[in-house]
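In: Sequence and predicted structure are below.
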Amino acid sequence: MENEGRVYIGIDPGISGAVAAITEAGDLIAAHHIPTLQAKGKRREVNVGALRTLVTGMIGHGRVKGMIGHGRVMGAVERVGARPGQGVVSMYRFGKACGLLEGLLLGLGVPYITPLPRSWQAAMLKDVEGETPKIRAVIAASRLWGNLDLTLKKDHNKADAALIAMYARQEHLQSIGRGD
């Protein structure tokens with residue numbers, strides 16, 4: 001990747017979420033589960049320091065210098081809301097995790113969009129067969145990036161994050177008239 005390329009960050013928010021980065025060409029840089037730490041009791045919380053290191057590492061990726069703040073990094077955080085039957089405490093923790101993720105991008109100076117799940121899924125999963133969006137996301141991500149490790153059940157979050165990054169890339173390229 002040359003210095004002129006962009007990096008697109010995709011975030012599937014939440015404690016069990018994931019973050020991924022792709023190049024302007026659509027190549028996968030990396031995809032990781034959101035780093036967490038053990039809080040009081042059995043609760044886990046986002047490890048913001050580890051997440052910051054992870055994201056800045058994906059952005060820099062050893063080849064691109066000075067990208068943040070120069071319009072070469074763009075992000076997308078899935079816009080999610082409460083689900084039926086979700087408890088108040090659970091929703092609070094989820095909302096806090098989402099806020100931390102958006103705050104990290106803001107703190108790094110990374111502009112981002114917040115697509116609804118139905119928006120990015122309609123674009124990224126339109127030609128993929130499968131029983132559920134999770135299964136379809138894993139299939140779609142596997143087709144795009146053979147090097148993306150999706151062996152664990154929870155890895156659908158990494159697939160989602162990578163596809164959200166690809167959605168941000170497509171939206172950006174369309175907005176500047178380059179298409180895909």
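Out: Yep, it's here. Numbering: from 1, shown residues only.
In: you'd agree residue 41 is in a strand?
Out: No. If the criterion is DSSP: H, G, I helix; E, B strand; the rest coil, then residue 41 is coil and not within a strand.
In: what's the burial count for it?
Out: Per other C-beta atoms under 10 Å, the neighbour tally for residue 41 reads 6. Every residue, glycine included, has its C-beta placed from N, CA and C.
In: Can you give the contact residues for the helix or strand of the chain with the lowest mean pLDDT?
Out: Across the helices and strands of the chain, mean confidence by mean pLDDT, DSSP states H and E is lowest for helix 88-108: a mean of 82. Residues from elsewhere that reach helix 88-108 (C-beta atoms under 8 Å, 6 or more residues apart in numbering): 9, 11, 13-15, 17, 19, 34, 43, 45-46, 48, 51-52, 55-56, 59, 68, 73, 75, 77, 80, 82, 86, 112, 114.
In: can you rerun that using 6 Å?
Out: Contacting residues not belonging to helix 88-108 are listed as 11, 13, 14, 15, 46, 48, 52, 68, 75, 77, 82, 112 [C-beta atoms under 6 Å, 6 or more residues apart in numbering].
In: Among the residues you listed, show me the least confident.
Out: pLDDT across the contacts of helix 88-108 is lowest for residue 68, at 54.
In: secondary structure element for residue 74?
Out: Using DSSP states H and E, residue 74 sits in strand 73-77.
In: picking that back up, mind listing what the very next helix or strand once past the least confident helix or strand of the chain pairs with, with the direction of each?
Out: Using DSSP H and E, the helix or strand that follows helix 88-108 in sequence is strand 112-113. Strand 112-113 has the following strand partners under DSSP bridges: strand 73-77 (parallel).
In: of the contacts of helix 88-108, buried ones?
Out: For those, a burial check counting by 16 or more other C-beta atoms under 10 Å picks out 11, 13, 14, 15, 46, 48, 68, 75, 77, 112.
In: how about the third one, what does it touch?
Out: If you count contacts by C-beta under 6 Å, 6+ apart, residue 14 has them with 94, 97.
In: mind checking the SS state of it?
Out: Recorded secondary structure, residue 14: coil (three-state DSSP).
In: which SSE is the spatially closest residue to residue 123 that is not a sequence neighbour in?
Out: Distances taken as C-beta to C-beta, 6 or more residues apart in numbering place residue 167 nearest to residue 123, at 5.7 Å, with adjacent residues excluded. Residue 167 is part of helix 156-175, with elements assigned from DSSP H and E.
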